[in-house]
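Student: Provided below are the primary sequence and the corresponding predicted coordinates.
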Amino acid sequence: MNLKFVREHPEEVRRILELRRCSVDLDRILSLDTERKKLAQERDKTKFEQRQVSEEISRARRIRQTCDDLVDKAKVFSDKVKQLEATLAVLENELETLAKTLPNRTHESVTAQEEIVDQWGEIPKFNFQPLAHWDLGEALDIVDLRAAARLAGSRFIVFKGLGALLERALIAYFLDRHTRQNGYAELAMPVLANPACMEGAGQLPHLESEMYAMRDDPYYLIPTSETMLANLHREQTLEEADLPKRYVTYSPCFRREAGSYGKDVRGMIRVHQFDKVEIFRITRPEASYQALEEMRQEVESLVRELGLPYRVKRLAAWDIAYQSAKTYDIEVWAAGVGRWLEVSSISNCEDYQMRRTKTRLRTRDGRMAWPHALNGSGLALPRTFIAIIENFQQPDGSVIVPAVLRPYMNGLERIA
């Protein structure tokens, strides 16, 4: 939310904050904004009076009149302007800091409750007890969580042999589908971001405790490549004729999971480092919700081609990211752990990130506007990996490789 919207619709902002369960000091923001306006008006009035006195001094000096009293008066005005500007700078800094904690508005379809809006596929049934991925991965020698713990600690993964090949195959398959069939341009992005990028994408300041910061340099390890994609055109003006922009990138992602101690400790459902293919669009404002549905279909088609049962969930207002106005989660069934696992979030952030990154749009008729930005996981690992090995495990302990991945695995049909 920008300050203009907050100023003009304070009760709507209160409703959104309540819906999002977001504790932002709105009264303080409104109070500071009112005081800022008052001080700015006083400064401008004083500057006007200062100019008038300066003009009187110039006239007096042209006709060689004494003007010491006017010079003294001008100095008083000058000192007052400096004092007002110093006070304004402090106030505006606090106001800007507080404004950065405001979340995005929510779309009218987003409510206080989540909703399952679609579901596909049959949950697999077994005539044997299916294994969870931590046992299955160890038995097949494709995942080594003990080695990961020795190397880095808990919540890290070492993929081995055919497990590493399966991970690589999934990444290549996702990238190929998005570039060859869905029209995305592939990028390879840095995984270290500066604080301005984090603020622009909407991760700072409220997610700082969830991210890894460099000790000696002003960088963060990215929690998602959305961070970099949202900043790709920072401080640039895009032409309407060049939209939509469609980008896809693969990156490792890093999250501290600071608030999740005790959750999903076993296995690799919740980890500190994971791979993800991210899709991103920049669109005209009026086209963004159609783009959201298109991106959802693109992601669903990947899951269907892998043969994984899934459901689509429209998230509740309190559950969506700060920068998002509307989010769908795609969850796949994992038979070994017996639960739904999120493998993708697809979000329309409207103009929230574009305003913060100062990415503008020049329309065909020459007007300036803010474009909309959308992002989606297409898809995230290792939960997709988990669902594949758990759902396609066989009585003899082997795992059937989905047909679409076999060309990426040297024709391999089964992991045994």
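Tutor: Everything's here; your move. Residues are numbered from 1 along each chain as shown.
Student: show me what contacts L302?
Tutor: Taking C-beta atoms under 8 Å, 6 or more residues apart in numbering as the criterion, L302 is in contact with Y173, F174, R177, G378, L379. (Each C-beta comes from the backbone N, C-alpha and C, glycine too.)
Student: where does the third one fall, phi/psi-wise?
Tutor: Dihedral angles phi and psi of R177 (degrees, to the nearest 10) take the values phi -60, psi -50.
Student: Can you give me the distance of the spatially closest residue to it that is not a sequence neighbour to E390?
Tutor: Closest residue to R177 apart from its sequence neighbours, by C-beta to C-beta, 6 or more residues apart in numbering: L302 at 6.2 Å. Distance of L302 to E390, computed by C-beta to C-beta, to the nearest Å: 18 Å.
Student: With Q113 instead?
Tutor: Counting by C-beta to C-beta - Q113 and E390 are separated by 29 Å.
Student: cool, and V337?
Tutor: V337 is 7 Å from E390, by C-beta to C-beta.
Student: Have a look at the two and say which one is more surrounded.
Tutor: E390 (25 against 20; other C-beta atoms under 10 Å).
Student: list the contacts for the more buried one?
Tutor: Contacts for E390 (C-beta under 8 Å, 6+ apart) come out as P130, L131, A132, H133, L136, A334, A335, G336, V337.
Student: From these, which land in strands?
Tutor: Using DSSP state E, the subset of those located in strands is A334.
Student: Relative to V158, which of the contacts of E390 is nearest.
Tutor: Lowest distance from V158 to the contacts of E390 (C-beta to C-beta) belongs to H133, with 13.7 Å.
Student: Count the residues that sit near that closest one.
Tutor: That count, for H133 with other C-beta under 10 Å as the rule, works out to 28.
Student: Does the closest residue to F128 other than its chain neighbours belong to a helix, a strand or coil?
Tutor: Residue nearest to F128 in three dimensions, not counting chain neighbours: P395, with 5.1 Å by C-beta to C-beta, 6+ apart. Under DSSP: H, G, I helix; E, B strand; the rest coil, the three-state class of P395 is coil.
Student: quick revisit: name the helix or strand for the residue nearest to R177, please.
Tutor: helix 288-306 (DSSP states H and E).
Student: Would you mind identifying the next helix or strand past that helix?
Tutor: strand 310-314.
Student: what are the ranges of the helices in the stretch 51-200 of the chain?
Tutor: With DSSP state H, counting those that start in this stretch as the criterion, the stretch 51-200 of the chain has helices at 68-99, 133-139, 145-151, 162-176, 195-201.
Student: in the third one, what's buried?
Tutor: What it means is helix 145-151. L145, A148 (16 or more other C-beta atoms under 10 Å).
Student: Check which helices and strands that helix is in contact with.
Tutor: helix 133-139 (3 or more C-beta pairs under 8 Å, 6 or more residues apart in numbering; DSSP states H and E).
Student: Name the residues that touch the helix it packs on?
Tutor: Counting by C-beta under 8 Å, 6+ apart, 131, 143-145, 163, 266-268, 334, 336-337, 385-386, 389-390, 393, 397, 399 sit against helix 133-139.
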